[in-house]
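[1] A structural model of the following input is requested.
(one chain, ligands or ions: 1)
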Amino acid sequence: MRIETELKLGFKDVMIRPKRSTLKSRSQVSLEREYKFLHSSSIWSGVPIMGANMDTVGTFEMALELAKEKLFTAIHKHYSLEEWDKFMKKAPGNIQEYIAVSSGTGKDDFKKIGEIFGQYPQLKFICIDVANGYSEHFVSFVKKARNQYPDKVIIAGNVVTGEMVEELLLAGADIIKVGIGPGSVCTTRVKTGVGYPQLSAIIECADAAHGLGGHIISDGGCVTPGDVAKAFGAGADFVMLGGMLAGHNESGGEMVEINGEKYKKFYGMSSETAMNKHVGGVAEYRASEGKTVQVPYKGAVIDTLKDILGGLRSTCTYVGASKLKELTKRTTFIRVLEQENVIFNK
Ligand code: 5GP
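    Okay, the predicted model is just below:
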């Protein structure tokens with residue numbers, strides 16, 4: 001046994017220190033970024049916020065709305081080929097810039113992404129997602145995907161430490177998804193004791209990835225637009241959201257009414273709900289590592305997006321960043337023991 005005594009931080013442990021700035025208004029701030037990837041020759045530009053590949057968030061309906069604002073969606077892996085066909089027929093001309101096809105690491109997953117890319121070779125992004133990105137099998141799968149698809153942009157995760165970021169980049173991934181345990185419907189930390197505070201995970205993984213020319217996604221743990229800003233400030237190239245995008249018209253999950261109030265069901269992808277739905281139940285050897293919750297119905301996702309993007313523009317003006325690109329270099333975090341004043345919260 002070994003113990004690391006350096007304190008690791010989450011979003012709740014810091015605030016961003018304001019700095020003198022020449023910016024007059026939030027409207028002067030550009031949130032668009034352009035990325036050139038490590039392996040794929042694709043260049044991407046857009047607002048680097050992503051809908052998570054959960055069946056309640058990474059829906060086709062969500063992708064259409066997010067793409068209008070140049071945001072990205074990792075489409076969940078449970079759509080059939082027929083559903084892909086229907087979507088691709090009605091989606092606008094450049095949707096391939098704003099969506100990823102998701103995959104696990106099974107044989108069937110590999111076959112299915114093969115079928116989707118066979119049908120729609122213009123799709124560029126693959127999101128290879130497993131709860132635990134530390135297995136040799138996962139690294140081999142990333143290598144296999146890179147051999148099969150030399151020019152696709154490969155997203156791989158999830159991990160939380162620099163050495164594994166490097167290993168996955170060297171195995172062929174372009175972008176590493178970072179986060180173990182911070183998710184709103186995740187119970188990994190409770191069920192296993194394993195995890196890493198998200199802000200420190202971003203800082204350490206971004207450093208490792210950028211050193212090799214790779215990119216990272218901060219995945220999970222954002223509760224407010226301020227957390228999204230902190231994730232970018234810490235060095236994330238993209239920020240992935242689950243819970244903040246749940247509960248909308250465009251989100252999956254059934255609507256329920258409780259005492260006259262509307263709610264939408266939201267659940268983790270390793271929750272009992274998801275496993276019953278997609279794989280016929282929780283296997284005996286494992287525990288479910290996700291929750292099922294009811295999220296108050298929030299209407300159209302565009303209003304939430306405006307709130308998030310408005311917050312982020314405002315962060316940039318507080319620190320004098322005229323572009324999102326400058327936010328990390330202009331960020332000084334201060335460690336704190338308080339956040340918002342909750343006197344009037346319900
Ligand atoms: P959120 O934005 O809701 O805090 O986090 C979203 C992220 O939580 C997802 O992108 C995914 O990485 C993670 N996640 C989704 N479902 C589960 C689950 O059932 N268990 C765990 N451990 N993580 C989950």
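[2] Show the pLDDT at the closest residue in space to residue 180 that isn't next to it in sequence.
    Closest residue to residue 180 apart from its sequence neighbours, by Cβ to Cβ, 6 or more residues apart in numbering: residue 160 at 4.8 Å. For every residue, glycine as well, the C-beta is placed using N, CA and C. Looking at residue 160, its pLDDT is 98.
[3] what number of residues lie near residue 160?
    Number of residues near residue 160 (other Cβ atoms under 10 Å) recorded here: 27.
[4] isn't it right next to residue 176, touching?
    No. Counting by Cβ atoms under 8 Å, residue 160 stays clear of residue 176, with 10.0 Å between them.
[5] okay, and the common contacts of the two?
    residue 205 (Cβ atoms under 8 Å, 6 or more residues apart in numbering).
[6] Within range of the ligand, give me the residues from the stretch 1-150 of the chain.
    Residues of the stretch 1-150 of the chain lying close to the ligand (Cβ under 6 Å from any ligand atom) are 52, 54, 131.
[7] contacting residues around the helix or strand of the chain with the lowest mean pLDDT?
    When the helices and strands of the chain are compared on mean pLDDT, DSSP states H and E, helix 272-279 comes out lowest with a mean of 92. With Cβ under 8 Å, 6+ apart as the contact definition, helix 272-279 has outside contacts at 55, 78, 265, 267, 268, 281, 282, 283, 288, 290, 292.
[8] Now, of these, which are buried?
    Listed as buried from these are 55, 78, 265, 267, 268, 282, 288, 290, 292; burial here means 16 or more other Cβ atoms under 10 Å.
[9] so the fourth one sits right up against residue 252, yeah?
    No. With the criterion set as Cβ under 8 Å, residue 267 and residue 252 do not qualify as a contacting pair; they are 9.7 Å apart.
[10] In the stretch 101-250 of the chain, mark out all the helices, start to finish.
    Using DSSP state H, counting those that start in this stretch, the helices of the stretch 101-250 of the chain run over 107-119, 136-148, 162-171, 188-192, 198-212, 225-234.
[11] Let me know the angle separating the third one from helix 136-148.
    Following axes from the mean of the first three to the mean of the last three Cα atoms, to 10 degrees, one obtains 30 degrees for the angle between helix 162-171 and helix 136-148.
[12] Was I right to think residue 143 contacts residue 171?
    Yes. Judged on Cβ under 8 Å, residue 143 makes contact with residue 171 at a distance of 4.9 Å.
[13] circling back to that earlier point, among the residues of the stretch 1-150 of the chain next to the ligand, find the lowest-pLDDT one for me.
    Among those, residue 131 has the weakest pLDDT, 94.
[14] list the contacts for that residue?
    Shown in contact with residue 131 (Cβ under 8 Å, 6+ apart): 158, 180, 188, 270, 289.
[15] go with 7 Å
    Going by Cβ atoms under 7 Å, 6 or more residues apart in numbering, residue 131 touches 158, 270, 289.
[16] For those residues, which entry has the maximal number of neighbours?
    residue 158 (25 neighbours).
[17] Just the endpoints, please. Distance across stretch 281-295?
    The first and final residues of stretch 281-295 sit 23 Å from each other (Cα to Cα, to the nearest Å).
[18] How far away from the center of its chain is it?
    Its chain's C-alpha centre and that of stretch 281-295 lie 20 Å apart, by Cα atoms, centre = their mean, to the nearest Å.
[19] Repeat that for stretch 27-36.
    The answer for stretch 27-36 is 18 Å, by Cα atoms, centre = their mean.
[20] Please export the C-alpha coordinates of it as CSV.
    The C-alpha trace of stretch 27-36 is given here as CSV (Å, rounded to 0.1, in the frame of the first residue of the first chain):
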residue,chain,number,x,y,z
SER,A,27,-20.5,39.8,-27.0
GLN,A,28,-16.8,40.4,-27.9
VAL,A,29,-16.0,36.8,-26.7
SER,A,30,-15.6,34.0,-29.2
LEU,A,31,-16.3,30.5,-27.8
GLU,A,32,-15.3,28.7,-31.0
ARG,A,33,-12.2,26.7,-31.2
GLU,A,34,-10.3,25.0,-34.0
TYR,A,35,-8.4,21.8,-33.3
LYS,A,36,-6.0,19.7,-35.4
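[21] residues in contact with that stretch?
    43-48, 70, 215, 237, 309, 312-313, 316-317, 322-325.
[22] 8 Å instead, please
    23, 43-48, 70, 215, 237, 309, 312-313, 316-317, 321-325.
[23] For the stretch 1-150 of the chain, which residue gets nearest to the ligand?
    residue 52 (3.4 Å; Cβ to the nearest ligand atom).
[24] Please name the nearest non-neighbouring residue to that residue.
    Using Cβ to Cβ, 6+ apart, the closest residue to residue 52 is residue 242 (4.0 Å).
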